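# what's the 3D shape of this:
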Amino acid sequence: LLWAGEVSYTEPIGKQMLQVYYRHEYQRQSNNAVTYNLDEDALWGSLPSGYEAGRVDSLSDYTRNDLHSNEFGLRTTLNWRKVRLNIRFGLSPQKSTTKSNRGKVKIDTTITVLNIVPELHFDYDLGNNHNMSVYYSGYTRQPSIYDLLSVPDYTNPLNITMGNPGLKPAFGQSISVNYRGGNMEKQEMLYCGLRYNNTINDISRKRTYDEKSGVYTSRPENINGNWGIGGNIYYTNKLFKKIFARLATNANYNRRVSYVQIMGEANENDRNTSQMLSLMQDVEFAYKLEEHEFKINGAITYQQADNSYTNNSDYRTYDFYYGAECRLKLPLNLNLYTVVRSMNRRGYKDEASNTTQWLWNGELTYSFLKGKRGLFKFQVVDILQQRDFVNRWMNDTGQGETWTWGLGRYAMATFTYRFNDLSR
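Numbers count the residues shown, from 1 in each chain. Coordinates of the predicted model:
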């Protein structure tokens, strides 16, 4: 259950604007995890009649949380000749009430916190279609009520979870600087961006293992040292009369600190620092001849990760593609479009992940009726039938695969009729 509402009042002050606002949000969450003791002859995947009598209250959890959020704040917009400044500052008190029955333990807890919401957006007009902007935002993330409760949860006796009443709220902030400029006559455009983010008192789970009992115990702890920086450049230009070029560069560096699973008692040295680097370069050339268009393009992404605790999850991978596209206008109101692309993965520790796939799609469209309002399209996807529908990912904690069921090669015909001519 969720509902929210906001009221605001705006007052012009000269050429500037000042707005006062109030927002309220109410959210209710319920979580009932009930454990039953079934007979040995019960069928797997089904519940026999009368199973309610086997309820085990000591292993069941009934929880309800009610959250009231309020935000009071100011918004103002300051305009000068070449400068525009948007400022927002808010205070958000929250009240969270949790009632829970965990076996014989009954919990009725109310927590009140105060969040700070700062935001600033600065725009400067450099003239001649050139602009620079700076954006800053901050937020406070409070621990959940479950992270603060010190009562152990024995729902899974081999994986005990408990909260930490000493948790501090996390404060995150981000800043970005952007430049945008271009020459409309030469069809040239340049965009550059630089960004930075960090989190103070982030929350990570510390997990310990007792070799004697075989039980895992986890609880949240505050941790510092998480930050990231990145930048990107996007450039387009008309090289010759009918040839266009596009370049895109992106770079990101992230540092993440987390606790690692340990044996026995915990200590401050049981943490892992992951340093992840990602570099991407994309390039495309297009040749436009009246209503025909030909493109060649390609991109390469390099990803690297280094871990301080163990190098089992370190990696150096390359994902790259190259291909061509063609769009032709044929007689009789026919249009043909086709794309061929080679998708490649290299550097993965699992050799099965180092693959090369050729993807070839094509479509033929026919426009007819008055004003070309009718459109018939026939398309064929994955003509070579090489797509594997497997997404392989890596991060600071490990690697994995996501398998998705999907159609391989298939054909599809569609008809579209446009009732309104929006071009007029």
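
# would you map the helices across the chain?
Counting by DSSP state H, the chain has helices at residues 145-148.

# who touches Lys370 in this structure?
Neighbouring residues of Lys370 by C-beta atoms under 8 Å, 6 or more residues apart in numbering: there are none. (C-beta placed from N, C-alpha, C; glycine too.)

# and the pLDDT for it?
Lys370 is assigned a predicted lDDT (pLDDT) of 84.

# next one: it from Phe415, what distance?
According to C-beta to C-beta, to the nearest Å, Lys370 stands 16 Å off from Phe415.

# now Glu25
Glu25 is 45 Å from Phe415, where distance means C-beta to C-beta.

# now Ser353
41 Å.

# now do Ser176
45 Å.

# between these two, who's got more neighbours?
The neighbour comparison of Ser176 against Phe415 (other C-beta atoms under 10 Å) goes to Ser176, with 16 against 9.

# correct me, but the more buried one touches Gly228?
No - taking contacts as C-beta atoms under 8 Å, Ser176 lies outside contact range of Gly228: 11.9 Å.

# intersection of neighbour lists for those two?
Tyr196.

# so where is the stretch 51-200 of the chain shaky, pLDDT-wise?
Scanning the stretch 51-200 of the chain for pLDDT under 70 picks out 102-103.

# and the strands in it?
With strands called from DSSP state E, counting those that start in this stretch, the stretch 51-200 of the chain shows them at 61-79, 83-102, 105-127, 130-141, 159-161, 170-183, 188-200.

# of all the ones you listed, which lies closest to Asp382?
Taking C-beta to C-beta, strand 188-200 is the member of the strands of the stretch 51-200 of the chain nearest to Asp382, at 33.4 Å.

# which elements pack onto the closest one?
The contact analysis (3 or more C-beta pairs under 8 Å, 6 or more residues apart in numbering; DSSP states H and E) places strand 188-200 against strand 170-183, strand 226-238.

# out of these, nearest to Pro220?
Nearest to Pro220 among the helices and strands packed on strand 188-200 is strand 170-183 (10.6 Å), distances taken as C-beta to C-beta.

# skip the chain neighbours and tell me the closest residue to Asn232.
With sequence-adjacent residues excluded and distances taken as C-beta to C-beta, 6 or more residues apart in numbering, Asn232 is closest to Asn250, at 4.4 Å.

# number of residues surrounding the one you found?
By other C-beta under 10 Å, the residues close to Asn250 number 17.

# from memory it sits against Gly193, does it?
No - taking C-beta under 8 Å as the definition, Asn250 is not a contact partner of Gly193, at 9.3 Å.

# shared neighbours, the two?
Gly231, Asn232, Ile233.

# could those be laid out in a markdown table, adding pLDDT?
Converted to a markdown table, those look like this (pLDDT from 0 to 100):
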| residue | pLDDT |
| --- | --- |
| Gly231 | 97 |
| Asn232 | 96 |
| Ile233 | 97 |
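
# Gly54: which of these is nearest?
Using C-beta to C-beta, the shared contacts of Asn250 and Gly193 come closest to Gly54 at Asn232, 58.2 Å.

# ok, that closest one - contacts?
Taking C-beta under 8 Å, 6+ apart as the test, what Asn232 contacts is Tyr191, Cys192, Gly193, Ala248, Thr249, Asn250, Ala251.

# so it bridges to which residues?
Bridge pairing for Asn232 (DSSP bridges) gives the partners Gly193, Asn250.

# so how far is Leu126 from it?
Look at Asn232 and Leu126: by C-beta to C-beta, they are 20 Å apart.

# in space, what's closest to Glu284 - neighbours in sequence excluded?
Asn297 (3.8 Å).

# can you pull the contacts of that neighbour?
Residues in contact with Asn297 (C-beta under 8 Å, 6+ apart) are Asp282, Val283, Glu284, Phe285, Tyr322, Gly323, Ala324, Glu325.

# bridged to Val380, which residues?
Legend: beta-bridge partners of Val380 under DSSP bridges are Gly362, Ala411.

# looks like Arg345 contacts Tyr321 (just checking).
No - Arg345 lies out of contact with Tyr321 (C-beta under 8 Å); the separation is 10.0 Å.

# and Asp39, what pLDDT?
Confidence score, pLDDT, at Asp39: 73.

# neighbours around it, how many?
Counted with other C-beta under 10 Å, Asp39 comes out at 9.

# how near is the spatially closest residue to it that is not a sequence neighbour to Ala33?
Setting aside the residues directly before and after it, Asp39 is nearest to Pro48 in space (C-beta to C-beta, 6+ apart), at 6.8 Å. Look at Pro48 and Ala33: by C-beta to C-beta, they are 20 Å apart.

# what's the answer for Leu190, then?
According to C-beta to C-beta, Leu190 and Ala33 sit 55 Å apart.

# these two: who's more crowded?
Leu190 (16 against 13).

# residues in contact with the residue lying closest to Trp360 once chain neighbours are set aside?
Spatial nearest neighbour of Trp360, chain neighbours left out: Ile383 (4.4 Å); criterion: C-beta to C-beta, 6+ apart. Neighbouring residues of Ile383 by C-beta under 8 Å, 6+ apart: Trp360, Asn361, Gly362, Arg409.

# what's Ile383 sitting at in phi/psi?
phi -60, psi -40 (degrees, to the nearest 10).

# and it, how far from Val340?
9 Å.

# please apply the same query to Asn129.
From Asn129 to Val340 the distance is 36 Å (C-beta to C-beta).

# filter the contacts of Ile383 to the buried ones?
Among the contacts of Ile383, those classed as buried by 16 or more other C-beta atoms under 10 Å are Trp360, Asn361, Gly362.

# who's in contact with the second one?
Which is Asn361. By C-beta under 8 Å, 6+ apart, the residues touching Asn361 are Thr338, Val339, Gln379, Val380, Val381, Asp382, Ile383.

# for the third one, give me its contacts.
Contacts were defined as C-beta under 8 Å, 6+ apart; by that measure Gln379 touches Asn361, Gly362, Glu363, Leu364, Ala411, Met412, Ala413.

# try it again at 7 Å.
Neighbour list for Gln379: Gly362, Glu363, Met412 [criterion: C-beta atoms under 7 Å, 6 or more residues apart in numbering].

# and the second one, how many residues sit next to it?
Meaning Glu363. When counting by other C-beta under 10 Å, one arrives at 18 neighbours for Glu363.

# cool, the last one as well?
Under the neighbour criterion other C-beta under 10 Å, Met412 is assigned a count of 11.

# for it, give its distance to Arg207.
To Arg207, Met412 is 48 Å away according to C-beta to C-beta.

# same question, the second one
If you measure Glu363 against Arg207 using C-beta to C-beta, the figure is 51 Å.
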